[in-house]
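Participant: next comes the sequence, and after it the predicted model I'd like to discuss.
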Amino acid sequence: MKFRSSSVSSSPTAPAVSPTKRFSMRVAEWLLDSPRLGDKPQVKHIAGRLLKMPAREGVVAAQSRLGQLMCRECDNARDRRIGQDLLRQAARAGDRRAQRELGLVED
């Protein structure tokens, strides 16, 4: 049985977010925002892994959240530098949380 997919016209200015990216972002945000789970290093590691692919593909919310996570939680300078780069990309795209974080980070 064949199913025809309807062609979805998307505007060239707003990139479409696939359902898998949206799902991984929601799970990562739920893990990080959970009062019981969000403080555990293993949970932060899993959330970072879930945010990595959407952030690479240009999802601003993922860039902002992963940048914050890397700047706050990573011990080495390389990871903090990558986190700052992600925050800069998200801030340039207009993310207020990233702009505030950069104000704190680059004092």
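Facilitator: Everything's here; your move. Because the structure is a prediction, the values reported are computed rather than measured. Numbers count the residues shown, from 1 in each chain.

Participant: pull the contacting residues for the spatially most central residue of the chain.
Facilitator: Computing the C-alpha centroid of the chain and ranking residues by Cα atoms, centre = their mean puts Ala62 first, at 1.4 Å. The neighbourhood of Ala62, defined by Cβ atoms under 8 Å, 6 or more residues apart in numbering, consists of 21, 25, 28, 51, 54-55. Bear in mind the C-beta positions are built from the backbone N, C-alpha and C, glycine included.

Participant: residue ranges with poor pLDDT in the chain?
Facilitator: Across the chain, the ranges flagged by pLDDT under 70 are 1-18, 20, 104-107.

Participant: and the helices in it?
Facilitator: Under the criterion DSSP state H, the chain contains helices at 19-33, 41-56, 60-73, 77-92, 96-105.

Participant: tell me the most buried of the ones you listed?
Facilitator: Between the helices of the chain, the one whose residues have the most neighbours on average, counting mean count of other Cβ atoms under 10 Å, is helix 60-73 (a mean of 22).

Participant: could you dump that one to CSV, C-alpha only?
Facilitator: What follows is helix 60-73, C-alpha atoms only, in CSV (Å, rounded to 0.1, in the frame of the first residue of the first chain):
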residue,chain,number,x,y,z
VAL,A,60,18.4,28.4,17.5
ALA,A,61,16.8,27.0,20.7
ALA,A,62,19.1,24.0,20.6
GLN,A,63,22.1,26.2,20.0
SER,A,64,21.2,28.4,22.9
ARG,A,65,20.5,25.6,25.4
LEU,A,66,23.6,23.5,24.4
GLY,A,67,25.8,26.6,24.6
GLN,A,68,24.6,27.4,28.1
LEU,A,69,25.1,23.8,29.1
MET,A,70,28.6,23.7,27.7
CYS,A,71,29.6,27.1,29.2
ARG,A,72,28.4,26.2,32.7
GLU,A,73,29.2,22.5,33.0
